[in-house]
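Visitor: Any chance you can model this:
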Amino acid sequence: MRGRSITMVAAMIALTAALWTPALAQDVTGESDVIITKIEVSGAFEVDEDEILAVVESAVGSKLSTETLQDDLQRVFDLGYFSEDVKASLAEFQGGARVTFRVTENPVINAVIFEGASVYTEAQLGELMRAKRNTILNSNNLRTDVEAIENKYIGDGYIAARVIDARIDAAKNLNIVISEGVIQAIKVAYVVVAGDDLNAEEPSVSDAGKTKDYVITREMKIKPGDIYNKNNLGRDLQKIYNLGFFDDVHTRVDPGDSPGHIILVVEVEEGKTGSAGFGAGYSSNTGITGFLTYSERNLKGKARRIDAKTEFGGKRDSFELGYFEPWLDKKKTSGEVNVYSTYRENLRYGLSGLITEDYEEIRRGFNMTFGRPISDYTRVFLGYKIENVAVRPTELYSYLDGSSRSVTGTIRTDTRDYIFNPTKGRYDSASLELNGGLLGGDYDYEKLTLEGRRYFPIRKNHTICGRVMIGLGQGGIPRFDYFDLGGVNTLRGYDEYQFGGTKMILYNLEYRIGLSGNLSAALFADAGNAWMDASDMKFLPGSEMHRSYGVGLRLKIPALGTGPVRLDYAIAVEEKDSKLHFGFGHMF
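Guide: This is a model prediction of the structure:
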């Protein structure tokens, strides 16, 4: 009996040494002949002993095994409640071995403190956590809590936010330190793509391009010092893209100079912004004409725009010059000025069914417009115009000429994704024009113009778009300032200016289909009319309106600017005739 006791004690000494000294565990393995007669826990005050023993596989009545005990120690530690490695001790008990698991508990949390959090309140962050005040710290729960906090930030667009530390201080407070991703700086990188599609080289990135950096960064609502949020960045990138200077715009995030800070890099691929052209054309209305054009939409890289066009020969002779300054002051005030002089022969007007033609018209004018944003999507404009119209022979058409002086106020909301080729969003405009009175001129009248556009993506490269325009005028409106319908930009299938009046309604509907590359097609239907009396107006596009339908092609030619070249074949319903229209840019 004494020999058996000596053997059991020797075995427990070896097992204990193995459990307390991991290096020896490799040499003392397998089962022994010692039977476990009791299992207990020492050092647990906050954690229920039953919760600990529930993960222990060693059992009373089983043989003592070093491997099983080693696994038990790990399983107990993995509960997450303990700050040091769990140990086991063995002692003789009732002819067998008593196993005691010795644990050192984590502290009880006095308070949870969030450092560096400004996006959410402590209460909002606290709701995400399993670690609470007056509960024992659990490292497993803490890892889950950290993940939940980071997922909350990332899910709301704060993709650079991280929990950089979680620690217990001397006062037993749990400190959660959050880096929310403060923007240290915003930089612009210019992507340069060399070669053609068949022999393209890898794009290179440069710190300088044609466009000035401030032209890009001033469009951004997000600024250095703000917390980076990719959701808030979407509108900024849309505004940069809608400048019309870039073929591609995207961002990347680089590490900042200190923890918790990032550098936001806006990468742009510059497109062609200038164009010059010349050409000639022929039509039965105008004869043979030639034209010269020049346009630069990003003058000196400062987003300034200049346009010049002259047309000559045949029955037309015109010159137009325009300049646009996008940013006059810190309130984002824009300014635009245009001067023009046009001469036309045989211009055709429709006046309550009476067609006047075979005459000469000379228009000379000047206008300037100032605009300012009042929200992210809405701008207001104030314009002033002087225009003089002379018609020959005067003795026949004196009622068509004269001079006008006007001011125009406009409010415009534009949420389109890409203004040059929109696929979703809306455009709404209301404009009131006041002529004469204290402004001078030969005429006193008012005109109200309302316009609404809608764009609905159906599927990839398929878009349904519609436009409604309503014009209302009162007073002594001269014929040269009527609402005119007909032609490539209003009512296809009819002659330019074929219908005119002091009241107007126009409907346009298009189904646009992207075919391949820069080529697209459209199915369309137009309806509208112009009246002299409001009582004659019809608001539904029925038989009281002039209607047309047709099909068109659009081809984007980068050298000609941002919009496509448009070719529309339209059939006029009541005239049962067709016309081919050629234009630049989308109709709306």
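Visitor: so which strand or helix has Ala570?
Guide: strand 565-572 (DSSP states H and E).
Visitor: how far is that strand from where the chain is centred?
Guide: From the chain centre to the centre of strand 565-572 is a distance of 32 Å (C-alpha atoms, centre = their mean, to the nearest Å).
Visitor: Show me what it pairs with in its sheet, parallel or antiparallel.
Guide: Using DSSP bridges, the strands paired with strand 565-572 are strand 546-555 (antiparallel), strand 577-584 (antiparallel).
Visitor: got the buried residues for the longest one?
Guide: Okay, so that is strand 546-555. When neighbours are counted by 16 or more other C-beta atoms under 10 Å, the buried residues of strand 546-555 are found to be His546, Arg547, Ser548, Tyr549, Gly550, Gly552, Arg554. For the C-beta atoms, the positions are set from N, CA and C on the backbone; glycine is no exception.
Visitor: any idea whether the closest residue to Arg130 other than its chain neighbours is helix, strand or coil?
Guide: The shortest distance from Arg130 to any non-neighbouring residue, by C-beta to C-beta, 6 or more residues apart in numbering, is to Asn141 (4.1 Å). State at Asn141, reduced to three classes by DSSP: H, G, I helix; E, B strand; the rest coil: helix.
Visitor: list the contacts for Asn141?
Guide: When contacts are counted by C-beta atoms under 8 Å, 6 or more residues apart in numbering, Asn141 touches Gly80, Met129, Arg130, Ala131.
Visitor: Neighbours of the residue nearest to the first one when sequence neighbours are not counted, how many?
Guide: So that's Gly80. Counting by C-beta to C-beta, 6+ apart, Asn140 is the residue found nearest to Gly80 once chain neighbours are left out, at 3.5 Å. When neighbours are counted by other C-beta atoms under 10 Å, Asn140 registers 12.
Visitor: who's in contact with Asn140?
Guide: By C-beta under 8 Å, 6+ apart, the contact set of Asn140 is Asp78, Leu79, Gly80.
Visitor: How about Ala44?
Guide: Counting by C-beta under 8 Å, 6+ apart, the residues that Ala44 touches are Ile52, Val103, Glu105.
Visitor: Any chance of JSON lines for these, columns pLDDT and secondary structure?
Guide: JSON lines is the format used below for the contacts of Ala44 (pLDDT from 0 to 100; DSSP: H, G, I helix; E, B strand; the rest coil):
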{"residue": "Ile52", "pLDDT": "95", "secondary structure": "helix"}
{"residue": "Val103", "pLDDT": "95", "secondary structure": "coil"}
{"residue": "Glu105", "pLDDT": "94", "secondary structure": "strand"}
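Visitor: where do the helices sit along the stretch 301-450 of the chain?
Guide: 394-397 (DSSP state H, counting those that start in this stretch).
Visitor: residue ranges for the strands of it, please.
Guide: For the stretch 301-450 of the chain, strands defined by DSSP state E, counting those that start in this stretch occupy the ranges 304-312, 316-325, 334-345, 349-351, 354-356, 360-373, 378-392, 402-414, 425-435, 445-459.
Visitor: Ok, the stretch 451-588 of the chain next?
Guide: 462-475, 483-485, 499-501, 503-516, 519-531, 546-555, 565-572, 577-584.
Visitor: can you list the ones you listed in TSV and add distance to Leu434 and mean pLDDT?
Guide: Listed next are these as TSV, based on distance: least, C-beta to C-beta, whole Å; pLDDT from 0 to 100:
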stretch	distance to Leu434	mean pLDDT
strand 462-475	10	97
strand 483-485	16	94
strand 499-501	20	91
strand 503-516	18	96
strand 519-531	21	96
strand 546-555	30	96
strand 565-572	34	94
strand 577-584	31	89
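Visitor: which one of those strands lies closest to Arg372?
Guide: strand 462-475 (24.4 Å; C-beta to C-beta).
Visitor: What strands line up against the closest one, and which way round?
Guide: Sheet pairing for strand 462-475, assigned by DSSP bridges, gives strand 445-459 (antiparallel), strand 503-516 (antiparallel).
Visitor: Rebuild those strands as CSV, extending it with mean neighbour count and distance to Lys172.
Guide: Shown next, in CSV, are the strands paired with strand 462-475 (neighbours: other C-beta atoms under 10 Å; distance: least, C-beta to C-beta, whole Å):
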stretch, mean neighbour count, distance to Lys172
strand 445-459, 16, 56
strand 503-516, 18, 63
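Visitor: so which of the ones you listed comes closest to Glu387?
Guide: The nearest among those, by C-beta to C-beta, is strand 445-459 at 13.2 Å.
Visitor: ok and that closest one relative to strand 425-435, angle-wise?
Guide: Taking axes from the mean of the first three to the mean of the last three C-alpha atoms, to 10 degrees, strand 445-459 and strand 425-435 form an angle of 170 degrees between their directions.
Visitor: picking that back up, do you know how far the residue nearest to Arg130 is from Phe77?
Guide: Look at Asn141 and Phe77: by C-beta to C-beta, to the nearest Å, they are 15 Å apart.
Visitor: and if you look at Pro541?
Guide: Pro541 sits 77 Å away from Phe77, going by C-beta to C-beta.
Visitor: Kindly report the same for Asn518.
Guide: 65 Å.
Visitor: The two: who's more crowded?
Guide: Ranked by neighbour count (other C-beta under 10 Å), Asn518 and Phe77 place Phe77 first, with 19 against 13.
Visitor: what's that one in contact with, if anything?
Guide: Listed by C-beta under 8 Å, 6+ apart, the contact set of Phe77 reads Asp85, Val86.
Visitor: For it, what are phi and psi?
Guide: Dihedral pair for Phe77: phi -60, psi -40, per degrees, to the nearest 10.
Visitor: is it possible to export the strands of the stretch 451-588 of the chain to TSV including distance to Phe366?
Guide: TSV is the format used below for those (distance: least, C-beta to C-beta, whole Å):
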stretch	distance to Phe366
strand 462-475	22
strand 483-485	21
strand 499-501	24
strand 503-516	25
strand 519-531	27
strand 546-555	33
strand 565-572	29
strand 577-584	24
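Visitor: Make JSON lines out of the strands paired with strand 462-475 and add distance to Gly585.
Guide: Below are the strands paired with strand 462-475 laid out as JSON lines (distance: least, C-beta to C-beta, whole Å):
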{"stretch": "strand 445-459", "distance to Gly585": "14"}
{"stretch": "strand 503-516", "distance to Gly585": "13"}
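Visitor: Can you check which of those gets nearest to Gly244?
Guide: Closest to Gly244 of those, according to C-beta to C-beta: strand 445-459, at 17.6 Å.
Visitor: Give me the contact list for that closest one.
Guide: Counting by C-beta under 8 Å, 6+ apart, 416-417, 422-436, 463-478, 481, 483, 588 sit against strand 445-459.
Visitor: show me what contacts the closest residue to Thr342 other than its chain neighbours?
Guide: Leaving aside its sequence neighbours, Thr342 sits nearest to Ser318 (C-beta to C-beta, 6+ apart; 4.0 Å). Ser318 is in contact with Lys309, Thr310, Glu311, Phe312, Tyr340, Ser341, Thr342, Tyr343, Arg344, counting by C-beta under 8 Å, 6+ apart.
Visitor: Show me the two of the contacts of Asn141 that sit farthest apart.
Guide: Pairwise across those, and taking C-beta to C-beta, the largest span is found between Gly80 and Met129, at 14.2 Å.
Visitor: phi, psi of Gln74?
Guide: According to degrees, to the nearest 10, Gln74 has phi -70, psi -40.
Visitor: Neighbours of it, how many?
Guide: Look at Gln74: counted by other C-beta under 10 Å, it has 12 neighbours.
Visitor: What sits closest to it if chain neighbours are left out?
Guide: Gln74 sits nearest to Val86 (C-beta to C-beta, 6+ apart), 8.0 Å away.
Visitor: Give me the distance between the one you found and Pro259.
Guide: Taking C-beta to C-beta, one finds Val86 at 34 Å from Pro259.
Visitor: ok, those two, which is more surrounded?
Guide: Val86 (22 against 11).
Visitor: From Val34, how far out is that one?
Guide: Distance from Val86 to Val34, by C-beta to C-beta: 21 Å.
Visitor: swap in Asp145?
Guide: 42 Å.
Visitor: Same check on Gly440?
Guide: 115 Å.
Visitor: So between the two, which is more surrounded?
Guide: Counted by other C-beta under 10 Å, Gly440 and Val34 do not tie: Val34 has more neighbours, with 21 against 11.
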